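> 3D, please:
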Amino acid sequence: VFGVALGIFFLVWTLYMQYGLGWSPLKAGLTGVPFSIAVSVAAGMSVQKLVPRFGRKVLQAGALVMAVGVLIYIWEAGRYGLAIAPWQMALPLVVMGAGMGLIVAPLTDAILSEVPREHSGSASGLISTVQQMGNALGLGLVSVVFFGVVDDRLAEARERTAAGLAFADGFQHALGWVAGVLGVIFLLMFALPKRPAQHVEGAADEAASPVTEKEPALVG
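Next up, the predicted model:
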C-alpha cells in the first residue's frame, strides 16, 4: 500500500512541475533536494533511536506526518497557483520527507521480524516485489484521477495558462488520494508487531546462549 502512495505522488509531482509549471528537469530535480535530505535524516533517527524505543508507533507517526505534508502541499498549490516558487515547496517536501523516512527504513525490519531466519531471504525478495506491484497500481490509479481532471480542464480552454492550471488542479486531486492512502497505511500498521524483534521467538534465546559441546568425561 505504501508503494501505491509513492507511485501516485512521484509521477504527478514530476508532471506538475515540468508540464504544469513549465520548469526544466534541472529545476524540478533541485526542488526535491530538501525532500531527500529529510528522508535521510529521519530514516537514520528512526532506525537508531526511535523504533527501538517506541516500536510501530514510529511508523504510524510517519504516515500521519507524511499525510500532513501532503495536505500542506495541496493548500500551497491552490493558494499560489502557477506562481509557486521552489522555496515555497520546501516546507511540505521536508514534512513529507520526514514522514517517509520514519516509514521506509524500519518497515522492512518490522515485517521480517516475524519471519523465520531460513525464510528471510525469500521474504525480503517478496517485499520488494510487492512494493513494485504497489508502484504499478499507484500509476494505474493516478491515470484515472490525474489525467481525468487534466483532460476536463483542457477541454474548456487551450491557452498555456489554462493548461498549467489544469495540471495544478489534477495534482491537487491526486494528492488527495495520496492522503487517503496514507490514512489506510496508518490503520494497516496496527497489524505490525508492537516492537520489531531482532529474531523470531526462540532464536534470540539460542543466540544469547549458544549450544556448547559437552566435554568427554575423563575415565580414571
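
> low-scoring stretches of this structure, by residue?
The chain contains residues with pLDDT under 70 at 111-128, 130-132, 134-135, 138-139, 142-143, 151-162, 196-220.

> okay, which residue is most central for it?
residue 100 (4.5 Å; CA atoms, centre = their mean).

> hang on, residue 84 packs against residue 78?
No. With contact defined as CB atoms under 8 Å, residue 84 does not reach residue 78; the gap is 9.8 Å. Placement of C-beta: from N, CA and C, glycine included.

> so for those two, which sits in the more crowded spot?
Taking other CB atoms under 10 Å, residue 84 and residue 78 do not tie; residue 84 has more neighbours (19 against 13).

> which ones are touching that one?
Residue 84 makes contact with 21, 76, 77 under the criterion CB atoms under 8 Å, 6 or more residues apart in numbering.

> tell me the contacts of the first one?
Meaning residue 21. Going by CB under 8 Å, 6+ apart, residue 21 touches 82, 84, 164, 167, 168.

> neighbour-wise, give me the winner out of those.
Comparing these by number of neighbours (other CB under 10 Å), residue 167 comes first, having 26 neighbours.

> tell me the SS of the closest residue to residue 55 other than its chain neighbours?
With sequence-adjacent residues excluded and distances taken as CB to CB, 6 or more residues apart in numbering, residue 55 is closest to residue 195, at 3.8 Å. Three-state call for residue 195 (DSSP: H, G, I helix; E, B strand; the rest coil): coil.

> on that earlier part again, measure the residue nearest to the centre of the chain to residue 79 for me?
Residue 100 sits 24 Å away from residue 79, going by CB to CB, to the nearest Å.

> how about residue 189?
Using CB to CB, residue 189 is found at 31 Å from residue 79.

> what's the burial count for the residue nearest to residue 32 when sequence neighbours are not counted?
Closest residue to residue 32 apart from its sequence neighbours, by CB to CB, 6+ apart: residue 93 at 6.8 Å. For residue 93, the tally of surrounding residues (other CB under 10 Å) stands at 23.

> and what of residue 45?
Residue 45 has 16 nearby residues by other CB under 10 Å.

> name the element it belongs to?
Under the criterion of DSSP states H and E, residue 45 resides in helix 33-45.

> what's near enough to touch residue 170?
Counting by CB under 8 Å, 6+ apart, residue 170 has contacts 12, 16, 20, 145, 146, 147, 148, 149, 150, 153.

> sorry, back to before: give the contact list for the residue nearest to residue 55.
52, 55, 56.

> wait, doesn't the last one sit right on residue 186?
No. In this structure, residue 56 is not within contact of residue 186 by CB under 8 Å, at 10.6 Å.

> report all helices and strands that the helix or strand hosting residue 73 contacts.
Taking DSSP H and E as the definition, residue 73 sits inside helix 57-80. Using 3 or more CB pairs under 8 Å, 6 or more residues apart in numbering; DSSP states H and E as the contact test, the elements touching helix 57-80 are helix 90-112, helix 160-188.
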